[in-house]
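1. The following comprises the amino acid sequence and a computationally predicted model.
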Amino acid sequence: MGHGDLSRSETRQLAVASATLGPWRTATAVGVVIGGAAVGVDLVTGHWSMDILAGPLGLALFFFFLIGTVGGRLRHDTGDRRLRRWVDEHPWRSALPAAGAYLVLNTLVLTLLGSWGLFGAFFTSLLPAGILLVVAGVVGSVKSARRSG
């Protein structure tokens, strides 16, 4: 399944399908714990405002996508063998759906629950989405290099 064999649409579908490989229950638990801890810190320190949920929910989303995406790169026991091979061959493309989903969802959270405007929320969400993409891409690249080496 080389890159030349697939259309742009098929590549996009494979990238989205690769998101199913992650340990999403574990990622949900980690996101809930981190988000809950962040809300607790905000409550204890007295940061009472409408933003009290926006920051912690953004942290919860970040760790949800980070654990789910990176965990999917490191697991060996799940998923279609062909899909896993495609993910191993395209670590950066397979990380794009998680980074894009985080970017969209965090922008919405900051806009709807926080005091951010749409553009401010979008540009604020770009850095963590980029970090998510880089971490998942590097983990996938290192895994691929170790497997072939």
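-> Arrived safely.
2. so how far is the least confident helix or strand in the chain by mean pLDDT from its chain's centroid?
-> Least confident helix or strand of the chain, by mean pLDDT, DSSP states H and E, is helix 8-18 with a mean of 80. From the chain centre to the centre of helix 8-18 is a distance of 16 Å (Cα atoms, centre = their mean, to the nearest Å).
3. Skip ahead from it and say which helix or strand is next.
-> helix 24-45 (DSSP states H and E).
4. if we can go back for a sec, check which helices and strands the least confident helix or strand of the chain sits against.
-> Contacts defined by 3 or more Cβ pairs under 8 Å, 6 or more residues apart in numbering; DSSP states H and E place helix 8-18 against helix 81-89, helix 91-113. Using the backbone N, CA and C atoms, a C-beta is placed for each residue, glycine as well.
5. Show me which parts of it are buried, residue by residue.
-> Thr11, Leu14, Ala15, Ala17, Ser18 (16 or more other Cβ atoms under 10 Å).
6. Need the contact partners of it.
-> Defining contact as Cβ atoms under 8 Å, 6 or more residues apart in numbering, one finds that helix 8-18 is touched by His3, Leu6, Gly72, Leu83, Trp86, Val87, His90, Arg93, Ser94, Leu96, Pro97.
7. in what helix or strand does the residue nearest the centre of the chain lie?
-> Centroid check for the chain by Cα atoms, centre = their mean gives Phe65 as the closest residue, at 3.0 Å. Take DSSP H and E as the rule and Phe65 turns out to sit in helix 54-74.
8. Quick one: list the elements packing against that helix.
-> Helix 54-74 packs on helix 24-45, helix 91-113, helix 118-148, going by 3+ Cβ pairs under 8 Å, 6+ apart.
9. by how many degrees do that helix and helix 24-45 diverge?
-> 150 degrees (axes from the mean of the first three to the mean of the last three Cα atoms, to 10 degrees).
10. mean confidence score for helix 54-74?
-> For helix 54-74, the mean pLDDT works out to 93.
11. Any figure for the gap between the residue lying farthest from the centre of the chain and Leu105?
-> For the chain, the residue at maximal distance from the C-alpha centroid (Cα atoms, centre = their mean) is Gly46, at 29.8 Å. Distance, Gly46 to Leu105, using Cβ to Cβ, to the nearest Å: 27 Å.
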